[in-house]
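**Q** Below is the sequence, then the predicted model.
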Amino acid sequence: MLGVTVITFYLSYGMGDPLAPYVTERTTPEQYEMLAEKHGLNEPIHIQYVTYLRGVITFDWGYSEVVNEEVSEALRYRFAATLELSILAFIVAVATAIPLGIFSSIRQNRWEDHGIRLFALFGSAIPIFWFALFLQYFFTLYTDWQISLRYDPILWEITDPIEIKTNFLLIDSIAAGSWPHFIDALKHMILPATVLAYGSMATIIRLMRGNMLDVLGQDYIRTAKSKGLSENQVTYKHGAPNAMIPTVTLLGMGFAGLINGSVLTETIFTWPGLGAWAITAMRSLDVSAILAYTLFSAFLYIIANLIVDILYAFLDPRVELGGHSSIAEILVVSLSILMLIITLINIDAAVWFGFLILVSLSGLTIYSISKRMLDNPEDAWVIFLFAGTMFVVWSILSGFFMTIIYCTLAVYIGYLIYYLEDVKESLGPKLDEFKRASYQIKKNPLTILGLILVVSLLSIALFAPWLAPPAETQRDPMRMEEHFEYNFNHQPPCYFSCTAESGEEDGYILGSTDRGYDIYYGIVWGSRTSLDVAVKVVFTGTFIAAVIGAVSGYYGGRIDDIVMRITDVFIAIPGLVLALAIIAVTGDNSIEMLMYALIIVWWPGFTRVIRAEALRIRKLPYIEAAKAAGASDFRIIFQHVLPNCITSIIVIATMDMGGIVLSLAALGFLGFGGGPDLAEWGKLVSFGQDDILTGEWWGFFFPGLAIALWALGFYLLGDGVRDILDPKQRN
């Protein structure tokens, strides 16, 4: 949490004048100086940080302009609205997903299994905002269902008002003994809770199915069957409880998904919770509200994962709550608590104490690194490795990376020609592996579907200039041309009959937005935007994560502790929340800034996966043999550790090609991605949402379908790649 406060405090420096909520046109310079002195803004930066930290501890989180009240008060009742919605969504997701996951596993590779897997994968792939708009469109036109707000104001405030004590409307209506109020509140919750639940449900189904398949293959399951136990007894008494243990770990991560999802869901359904407030604050650059929401989201996420860790230990007797704590961990925790106590008592003392800690830790770090380099000069390659990593990241973001790829490819072709005979000898086993992979792809229809979707969408991006030629007057093909004669008048799709009787163009293939943007053109060129962002973010994040994760996991000890604590700070803030905060802070909605934000929020989670693999691999016998043979750490990491992590790297990178596009589209939908005329799918969906109530469905439907198919294609392909690379599936 201290690390999170450092991030939020640093972000505050890019958010304009923090005194803006307290200043009016009549504020004199003298009054402004008094305000600055009161809030400690005329002090040096280190004193300002400690003052900010004290405000966090005492819940003095500033004043929110957008709601015209203290942030702490706004958090209190908006959190109740978000929590009530999230709890209902969580119950629906868990109660539905676990039975489906179990049923899918016992019907493995049958049509029921394929159907449930497709349902789960589509739930992961479908954009939350698009699903919400789809339900809103359907229920608006064909039912009288309540699709917005949290309750019916006429019933709650005029016809039959009741006292709202807890701000949990279901509880308040039960306390008041009013059945009509309870039904009204529940009806308003069902649609947004369904939207929130579907994404979480999909992930739990997939994990529960995978865990059940592993458990059902264990020896004790075969023993239970040999004793004559029924299929139901084996599945539900012995299999399901043990498969639930890893699933519980996901529930804490799922809480972050609910926080991310609430931002989108509450915005669409005008739900008065934290998410809707955060988006309004970010659009208005409400400094205090943005920082408070980011900090509060991190706090909720950390507490949820702490509860899950404790619960995990109760469910699995092999896991112990108590463990050995190193002196470094005890020291860090003790100093952190002492720092908070001193901050609460005296600002000046806390500044000096924090300064001494910082100097001491910096000196200790420099001493430890220097001592290790002097004692083990062969480890100096780690410094050059990190420098090289920074260079590669810079080359990817600057566009210079393709030059490196072409040069590397030329060198590799030269290597193949020089060692042609050896290459020919190695082709036999590789051809056998290719045949085995082809057989597994043919055996799995979902993998074939994913491959078809990915190839089709990549082909659209590649052939965009021919599929949707830009107008002659258009300077940049990625910027859509506005047709002003169609402004505020959606043109319906004309599909295959887009010419008038005289032969001239008369309409758009997939219709237009109210700004006159051609939806077909936006989808075709938007595929290039999605591909460009996904490739750069995934390549950059993968490279950073592979290097840091492998080195951290291989060495372990203090290096691993330091790297993982830094990583945990970034993971503690839900990804979409941090990306939104970064973009709002900088005020830069360019696609480049959006990529930087996505890279910052994406690499930490991937680093933990690679590090976990490296920790496992470094204890295997062949690593010990390599060390005994005198192999250097560099050789072991890059010839033995990383190649054996490649399965996880390929699978996660493939699936994240879809996940990154979902995040990109969410940011674009909220108005934080690229310029207003950029060909980007999320932005197109946002253009179409305002006309749902008039029945003009094409404005949001087709772009959202493109996002869902892109993510679904890469998720299906990632699942197939995992099966191909899994040694358990080789038979």
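**A** On my side now, so go ahead. Everything quoted here is computed from the prediction, not taken from an experiment. Numbering: from 1, shown residues only.

**Q** So which residue is dead centre in this structure?
**A** residue 575 (4.7 Å; Cα atoms, centre = their mean).

**Q** is it true that it touches residue 603?
**A** No - the pair formed by residue 575 and residue 603 falls short of the contact definition of Cβ atoms under 8 Å, at 10.7 Å. All C-beta spots, glycine's among them, are computed from the backbone N, C-alpha and C.

**Q** From the chain's centroid, how far away is stretch 620-631?
**A** With Cα atoms, centre = their mean, to the nearest Å as the basis, stretch 620-631 stands 38 Å off its chain's centre.

**Q** Could I get the buried residue list for it?
**A** Across stretch 620-631, burial judged by 16 or more other Cβ atoms under 10 Å covers 623, 626.

**Q** Please work out which residues outside that stretch touch it.
**A** Residues outside stretch 620-631 that contact it (Cβ atoms under 8 Å, 6 or more residues apart in numbering): 617, 635, 636, 639, 640, 641.

**Q** Taking these, please make a ChimeraX selection of just the buried ones.
**A** The following ChimeraX command selects only the buried members of the contacts of stretch 620-631, with burial defined by 16+ other Cβ under 10 Å:
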select :617,636,640,641
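
**Q** Packing partners of the helix or strand where residue 353 lies?
**A** Counting by DSSP states H and E, the secondary-structure element that holds residue 353 is helix 347-375. In this structure, helix 347-375 packs against helix 45-57, helix 327-345, with contacts taken as 3 or more Cβ pairs under 8 Å, 6 or more residues apart in numbering; DSSP states H and E.

**Q** What average pLDDT does it get?
**A** In this model, helix 347-375 has a mean pLDDT of 81.

**Q** What helices and strands are in contact with the helix or strand that it is followed by?
**A** Along the chain past helix 347-375, the next helix or strand (assigned with DSSP H and E) turns out to be helix 381-398. The criterion is 3+ Cβ pairs under 8 Å, 6+ apart, and the helices and strands that helix 381-398 contacts are helix 401-418, helix 519-555, helix 591-617.

**Q** roughly how far apart are residue 493 and residue 161?
**A** Between residue 493 and residue 161 the distance is 47 Å, computed by Cβ to Cβ, to the nearest Å.

**Q** Same check on residue 85?
**A** Per Cβ to Cβ, residue 85 is found 22 Å from residue 161.

**Q** for residue 644, same thing?
**A** Distance, residue 644 to residue 161, using Cβ to Cβ: 65 Å.

**Q** Please say which of the two ends up with more neighbours.
**A** For residue 644 and residue 161, the more surrounded residue by other Cβ atoms under 10 Å is residue 644, and the numbers stand at 16 against 11.

**Q** Out of the helices and strands packed on helix 347-375, which one sits most buried?
**A** Mean neighbour counts were taken over the helices and strands packed on helix 347-375 using mean count of other Cβ atoms under 10 Å, and the top value, a mean of 18, falls to helix 45-57.

**Q** next one: that one to chain centre, how far?
**A** Relative to its chain's centre, helix 45-57 lies at 29 Å (Cα atoms, centre = their mean).

**Q** what about residue 87, neighbour count?
**A** Counted with other Cβ under 10 Å, residues neighbouring residue 87 total 14.

**Q** Report pLDDT for it.
**A** For residue 87, the model assigns a pLDDT of 84.
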